[in-house]
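K.L.:
only geometry, no sequence info:
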């Protein structure tokens, strides 16, 4: 499947993330790449990565760094969403699934709230 086939899916996932980025900084918003950072640096003075959405060759990646920083954020997500995880903070999607995306939106909202409260002091 070519990258261009993921345009609609990418937009849906980007919109899911963008609903929860108030108070954060959108560092990249270009075709195929949406990248969000915190408004303040982390405890080391580095850019604080919140998450992003990116078109890859065979899937769309949806990154949520707060689940890496605090794995307890994943405790109540559905098993079918966990099956889309790649690594500790990335979810990969090839097609739309409304129930799955609703769970992803809830997780994104929780991650955004956690991130805004904890980023300046969290040591990861």
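P.N.:
Sure, I can see it. Model, not experiment: these values are computed from the prediction.
K.L.:
contacting residues around residue 54?
P.N.:
Neighbour list for residue 54: 32, 33, 34, 35, 60, 61, 63 [criterion: CB atoms under 8 Å, 6 or more residues apart in numbering]. C-betas here are computed from N, CA, C, even on glycine.
K.L.:
shaky segments in this protein?
P.N.:
1-4, 120-124 (pLDDT under 70).
K.L.:
let's see the ChimeraX selection covering just the buried ones among the contacts of residue 54.
P.N.:
Applying 16 or more other CB atoms under 10 Å to the contacts of residue 54, the buried members can be selected in ChimeraX as follows:
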select :32,34,35,60,61,63
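K.L.:
report the longest helix in this structure, please.
P.N.:
Of all the segments of type helix in the chain, defined by DSSP state H, the longest one is helix 98-118.
K.L.:
now do the buried residues in it.
P.N.:
Under the neighbour-count criterion of 16+ other CB under 10 Å, helix 98-118 has 100-101, 103-105, 107-108, 110-112, 114-116 buried.
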